[in-house]
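>>> missing the sequence, but the structure's below:
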């Protein structure tokens, strides 16, 4: 018991409910002793060289020392105390002492030894030992479904959303419309979802009209000819002079727009939105590489790759899966299942095997392998495997979910390195970050974790998955109360920064999904 309590952030330790919270915490502690896909030379890659934190016992790529018969591991925790153990290889995981290492900055030194004699240094590493899930969950400010309804109302009331109905054009004061596929796609989803509530709000028709006019605008700026015909743009008037990025397309963003078109079609039954979604599906079939994926970023005039990075096609898989399963009359629907299956096979053979879950964001630069890992695609692919996979796939999906938690979920006490964005005590926690290069608490990142946890709970029935989803959702309701019904993009107590409406719409989807998954009798 003493060891597991060391892992709790102080703010949660006092709030623990008696039995169930403690038992969930103890289960989480026990699971944290197993490393996530540990590297082994010549067998599996060491993917964590740039990691910001570890919740689960890590293993590092340290070299063998000539003349060493064994290796001594010395782990110095934030309390200043050394913890030591021995192992046959320098890349052994820290499992023997991990439960006793407190949250905070941690130093590791691995030495090659021959008996008691030190014969050389294998390696050193400093990292943040992350807090383990504390067990506290199910205490939202608003029930999850009600929280989502409130947030939906704030979205459709935003001036930059209402502007569509008034003018049919993007609001020039909302700069993020420079990412039209992503942002307009989520505006479509929000307006459609709002109008379909039961009972419908009094202004449902007005909101739906705003969504339709946003969709019509996106269709108007989509190329009708050329290699990317029918594929909506990632950028529009996006740079300092308004054109720097307009010729580039990130190939995950058309799928985001496609999901918005399908949501709008479901709400309106207007065939033109189904046709627009189908043209995107047909574009993916036409542009797919022989290996099953796409170039991540392309010249939309030529389809030539602008970077050697492969697209991790989780977003595309979800979109094509929806088209194939629900919209047989859409253009491209006859090929959607086959294209999806090839993309799934590519993902299995590549990031699922290599763990090179490279960050793929249209507002970030592309970096080399393992330099800037992220978790959105890992969460989405895990959720796909939880829905569709075999018993072996479920194990792979749980490993992906564990990777995402290990690297990006902050259950409490954020890393000291995060202070370059905001003081650690300014965070709402628990929360999730999105990528190494922006290790900040982001509401939409928590949404991806919640959806993956709920998918895991539905597939496995394990209460710990549902409890973790609720704990993250509880934080979102606290931040929402602070920001007048909005889910702020960055989960800071002192101030919100740029408001990304796509992040809020992802949270709304996650909250509704979580509410639907709760057992009967629980507050939804």
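Cool, the structure landed. As the structure is a prediction and not an experimental result, all values here were calculated from the model. Numbers count the residues shown, from 1 in each chain.
>>> for this structure, name the helix or strand with the lowest mean pLDDT.
Scoring the helices and strands of the chain by mean pLDDT, DSSP states H and E places helix 2-5 at the bottom, with a mean of 33.
>>> tell me which residue lies nearest the centroid of the chain.
residue 376 (2.9 Å; C-alpha atoms, centre = their mean).
>>> mean confidence for the longest strand belonging to the chain?
Criterion DSSP state E: the longest strand present in the chain is strand 117-129. Per-residue pLDDT over strand 117-129 has a mean of 98.
>>> past that strand, which element shows up next along the chain?
The helix or strand immediately downstream of strand 117-129 is helix 144-157, counting by DSSP states H and E.
>>> buried sites along that following helix?
By neighbour count, with 16 or more other C-beta atoms under 10 Å as the criterion, the buried positions of helix 144-157 are 144-152, 154-156. Placement of C-beta: from N, CA and C, glycine included.
>>> kindly report the same for stretch 26-34.
27-29, 32.
>>> restricted to helices, list those.
Mapping the buried residues of stretch 26-34 onto helices (DSSP state H) picks out 27-29.
>>> just give me the closest of those to residue 258.
residue 28 (37.1 Å; C-beta to C-beta).
>>> wait, that closest one sits on residue 136?
No: if you go by C-beta atoms under 8 Å, residue 28 and residue 136 don't touch, sitting 11.4 Å apart.
>>> got any residues that touch both of the two?
Counting by C-beta atoms under 8 Å, 6 or more residues apart in numbering, no residue touches both residue 28 and residue 136.
>>> following the longest helix along the chain, which helix or strand comes up?
Determined from DSSP H, the single longest helix within the chain is helix 463-482. Beyond helix 463-482 in the direction of the C-terminus, DSSP H and E gives the next helix or strand as helix 501-517.
>>> which other helices and strands does that next one contact?
In this structure, helix 501-517 packs against helix 144-157, helix 180-195, helix 443-460, helix 463-482, with contacts taken as 3 or more C-beta pairs under 8 Å, 6 or more residues apart in numbering; DSSP states H and E.
>>> between those, which gets nearest to residue 511?
Nearest to residue 511, of the helices and strands packed on helix 501-517 and by C-beta to C-beta, is helix 144-157 at 4.0 Å.
>>> in the helix or strand following the closest one, what's buried?
Per DSSP H and E, helix 144-157 leads on to helix 159-167 as the next helix or strand towards the C-terminus. For helix 159-167, burial by neighbour count (16+ other C-beta under 10 Å) applies to 160-165.
>>> next: stretch 88-98.
If you call a residue buried by 16+ other C-beta under 10 Å, then stretch 88-98 has these buried ones: 90-98.
>>> next one: stretch 122-140
Buried-residue list, stretch 122-140, by 16+ other C-beta under 10 Å: 122-123, 125, 127-138, 140.
>>> same question for stretch 96-110.
Buried, per 16+ other C-beta under 10 Å, within stretch 96-110: 96-103, 106, 108-110.
>>> that stretch: how far from the chain's middle?
27 Å (C-alpha atoms, centre = their mean, to the nearest Å).
>>> now stretch 431-445
The answer for stretch 431-445 is 8 Å, by C-alpha atoms, centre = their mean.
>>> ends of it, how far apart?
8 Å (C-alpha to C-alpha, to the nearest Å).
>>> in the stretch 251-400 of the chain, which spans are helices?
Listed in chain order, the helices of the stretch 251-400 of the chain (DSSP state H, counting those that start in this stretch) span 253-268, 271-287, 314-326, 333-349, 351-354, 376-388, 391-408.
>>> who touches the fifth one?
I take that to be helix 351-354. Against helix 351-354 from outside (C-beta under 8 Å, 6+ apart): 45, 47, 312, 357-358, 377-378, 381, 396, 400.
>>> tell me which residues of that helix are tucked away?
For helix 351-354, using 16+ other C-beta under 10 Å, the buried residues are 351-352.
>>> wait, doesn't residue 289 sit right on residue 296?
No: under the criterion of C-beta under 8 Å, residue 289 makes no contact with residue 296, lying 11.1 Å away.
>>> of these two, which one has the most company?
residue 296 (21 against 13; other C-beta atoms under 10 Å).
>>> what's the pLDDT at the more buried one?
95.
>>> oh, and call the first residue 707 from now on, that's how I've got it
With the count now opening at 707, the last piece we talked about shows up as residue 1002.
>>> roughly how far does it sit from residue 1224?
According to C-beta to C-beta, to the nearest Å, residue 1002 and residue 1224 sit 37 Å apart.
>>> same check, this time on residue 847
Taken as C-beta to C-beta, the span from residue 847 to residue 1224 is 16 Å.
>>> and those two? which has more neighbours close in?
For residue 847 versus residue 1224, neighbours defined as other C-beta under 10 Å are more numerous around residue 1224 (19 against 15).
>>> neighbours around residue 1074, how many?
10.
>>> residues contacting it?
Counted by C-beta under 8 Å, 6+ apart, residue 1074 has zero contacts.
>>> tell me the pLDDT at it?
Per-residue pLDDT puts residue 1074 at 88.
>>> can you check the pLDDT for the residue nearest to residue 1166 when sequence neighbours are not counted?
Using C-beta to C-beta, 6 or more residues apart in numbering and skipping the chain neighbours, the partner closest in space to residue 1166 is residue 1100 (6.7 Å). We have a pLDDT of 96 for residue 1100.
>>> what of residue 1207?
98.
>>> over to the one 4 residues further on?
If you check residue 1211, the pLDDT there is 98.
>>> name the nearest residue to it, sequence neighbours excluded.
In space, residue 1211 is closest to residue 892, 4.1 Å off (C-beta to C-beta, 6+ apart).
>>> and that neighbour, how many neighbours?
28.
>>> so can I have CSV of the buried residues of stretch 794-804 showing secondary structure?
Formatted as CSV, the buried residues of stretch 794-804 follow (DSSP: H, G, I helix; E, B strand; the rest coil):
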residue, secondary structure
796, coil
797, coil
798, coil
799, coil
800, coil
801, helix
802, helix
803, helix
804, helix
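>>> quick check: which ranges of the stretch 807-956 of the chain have low pLDDT?
Low-confidence segments of the stretch 807-956 of the chain (pLDDT under 70): 944-950.
>>> what packs against the longest strand of the chain?
strand 759-760, strand 810-820.
>>> next one: that strand to chain centre, how far?
32 Å.
>>> that's all I had, so thanks and see you.
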